Every structure is written in structure tokens, then in C-alpha cells.
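> Fold the stuff below for me.
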Amino acid sequence: MKPYQKGTLLITASLFFVIAGYFLLAKNGEPPVINDNQAIIVPGSAKSDMTVQVDPPTRTVLVEKKSVSEQKRIDFPIEKVPDNSLYKGEQRILQKGIPGLELRVYEVILEDGQETARKLIESVQVRKPVRQVVAVGTLTTVSRGGNSIEFKEMLEMKATGYTHTGSRTSTDVWPSRGIAAVDPRVIPLGTRLYVDGYGYAAALDTGSAIRGNRIDLFFETRDEALRWGRRSVKVFILK
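I've put the predicted structure just below:
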């Protein structure tokens, strides 16, 4: 028998006892009462009260089972190849990677439209990932102005020029040519540098706008700073 049919019979029985209670009301003059246990009590004498237990109606839950398909990206592996024609810290992509693709099929259980369970029943690789090949620089010597300069790492940075502000640097020295403002999380204060197009410098200052791979280079005059402007440069971290 279906749940809603059972619920209908319970309600019909309840109505029967309510009608019967009101029939007795004509004789006793007191209405029937439903107590905390959902029982109908029909008053009579102290010894003859009649109690009728009424079950609560049955709740129907709609249960569905269905299959759900999802696509999942598979990350491509990366292979690094040493290259002594590149500076240490420099990289070049030799072969671009392609992510793979996996199809997953799940069995999903819904109760009244809400997902309550999920089980993976099938997994198929639709496309295999293609590895990415990257050349990694190993060169730690650079020639500038006829001199050989040894360095630990090379960074590609955006460089801007700045000049006197009337204040000392963040390391409490007066600024002069050869001082650079850096992000200490990228280049520690006190680090010796060589900047292409500028020359030797020392990381002795910071700035609120200097974040990440940015560097400010000090010039003695405003005109020099403006002529430098903003440009991409190679910054060598010296040993």
C-alpha cells in the first residue's frame, strides 16, 4: 500500500473519533481534548474518560537516482632543461604544455531535489596531457663595459627613476646616485646590484609603490629621472 493511502486512512480514522467525541459531547457537555501525545480524550466521569490514540500522518519523500557527467582538467607535467646560454633566473618555453581532459560519471541520489549522496562509477581519460618543456638558465657571468661580472641571479624588472625628496632613505642614509628602492620581499635591503643601462647600485631604500618586480633608481636631478622614465631592465643580483 502507498504511503499517501495509509495517511488518508489515518486521517479518516481521526475524523471518525472526533465525530464520535462530539457525539458524546451532547451527552457530557464537554468538548474532546488533544493532549501532548496527539491522543483525543473524550471527557466522561473520572473513571470513564475515553482516550483514542491518533498516529501522525506519514511524510512522503521523493527519492531520485540519476547519472551526472563532469569534465575535469588534468594538469600537464613540466620538464626543466638546463641551458647555459640563458642567465640564471631566466627561463624560456621550448614546448608549450597542453592540459589533459578526464570525463567522470557519478551516480547521484536526490531526496526532494536535494543531493544526499554521490558515487563515482566511471572515469575515462578523454585527452592525455602534453608536457611543457622549459629551458632554465645556468649562466652566472655577464660581460659589461669590458668587465666580467659574476652574479647569483638575474631578474627582469620594471625600473623607474626618482630624485631628492628632502628625506633620508629607509636605511637612514642620504640618497645619491647608485641607490635603489626595492621590495625587500624580492631583493633584501643591502643587496649589491648591477642594473643594465644604469650601472652598479645598492638596495638601500623602499617605497610604498615598489611591490614585486619593480625597482626605483636614484638620479641627482629631476631631469635625469624624467629622461630615464620607466623601462624594463635586467637586474643582476651580485655575489
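> middle-most residue in the chain, spatially?
The residue lying closest to the centre of the chain (C-alpha atoms, centre = their mean) is residue 73, at 16.1 Å.
> which residues touch it?
Under the criterion of C-beta atoms under 8 Å, 6 or more residues apart in numbering, the contact partners of residue 73 comprise 99-102. Glycine gets a C-beta too; all of them are placed from N, C-alpha and C.
> Format the residues you listed as CSV; extra columns: pLDDT, secondary structure and neighbour count.
Formatted as CSV, the contacts of residue 73 follow (pLDDT from 0 to 100; DSSP: H, G, I helix; E, B strand; the rest coil; neighbours: other C-beta atoms under 10 Å):
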residue, pLDDT, secondary structure, neighbour count
99, 97, coil, 13
100, 97, strand, 16
101, 97, strand, 15
102, 97, strand, 16
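> Quick check on residue 227: phi, psi?
Here is the backbone geometry of residue 227 (degrees, to the nearest 10): phi -60, psi -40.
> thinking again about what came up before, average pLDDT for the strand or helix carrying the residue nearest to the centre of the chain?
Assigned by DSSP states H and E, residue 73 belongs to strand 63-74. Regarding strand 63-74, the rounded mean pLDDT is 94.
> Contact partners for residue 83?
Shown in contact with residue 83 (C-beta under 8 Å, 6+ apart): 92, 135-138.
> Now do the same for the residue nearest to residue 98 when sequence neighbours are not counted: its pLDDT.
Leaving aside its sequence neighbours, residue 98 sits nearest to residue 130 (C-beta to C-beta, 6 or more residues apart in numbering; 4.0 Å). Looking at residue 130, its pLDDT stands at 97.
> what about residue 130, how many residues close to it?
14 (other C-beta atoms under 10 Å).
> Am I right that it is in contact with residue 101?
No: assessed by C-beta atoms under 8 Å, residue 130 is found out of contact with residue 101, at 11.6 Å.
> so residue 61 makes contact with residue 112?
Yes: taking C-beta under 8 Å as the definition, residue 61 is a contact partner of residue 112 at 6.0 Å.
> Can you pick out the residue with more neighbours from the two?
Just comparing residue 61 and residue 112: by other C-beta under 10 Å the higher neighbour count belongs to residue 112, 11 against 7.
> The residue nearest to that one when sequence neighbours are not counted: how many residues sit nearby?
Among residues not flanking residue 112 along the chain, residue 62 sits closest, at 5.4 Å (C-beta to C-beta, 6+ apart). Residues within reach of residue 62, counting by other C-beta under 10 Å, total 8.
> if you average pLDDT over stretch 115-125, what comes out?
The average pLDDT within stretch 115-125 is 94.
> partners of the strand holding residue 73, with directions?
For strand 63-74, the paired strands and their directions (DSSP bridges) read strand 100-111 (antiparallel).
> okay, now residue 237: neighbour count?
19.
> quick check, it in a helix?
No: when classified by DSSP: H, G, I helix; E, B strand; the rest coil, residue 237 is found to be strand rather than part of a helix.
> quick revisit: I'd like the next helix or strand past the strand holding residue 73.
strand 78-87.
> can you pull the buried residues of that next one?
Buried positions in strand 78-87, judged by neighbour count with 16 or more other C-beta atoms under 10 Å: 83, 86-87.
> Dump those to TSV, plus pLDDT and distance to residue 210.
Converted to TSV, the buried residues of strand 78-87 look like this (pLDDT from 0 to 100; distance: C-beta to C-beta, whole Å):
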residue	pLDDT	distance to residue 210
83	97	30
86	96	26
87	97	23
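> Nothing else from me, thank you.
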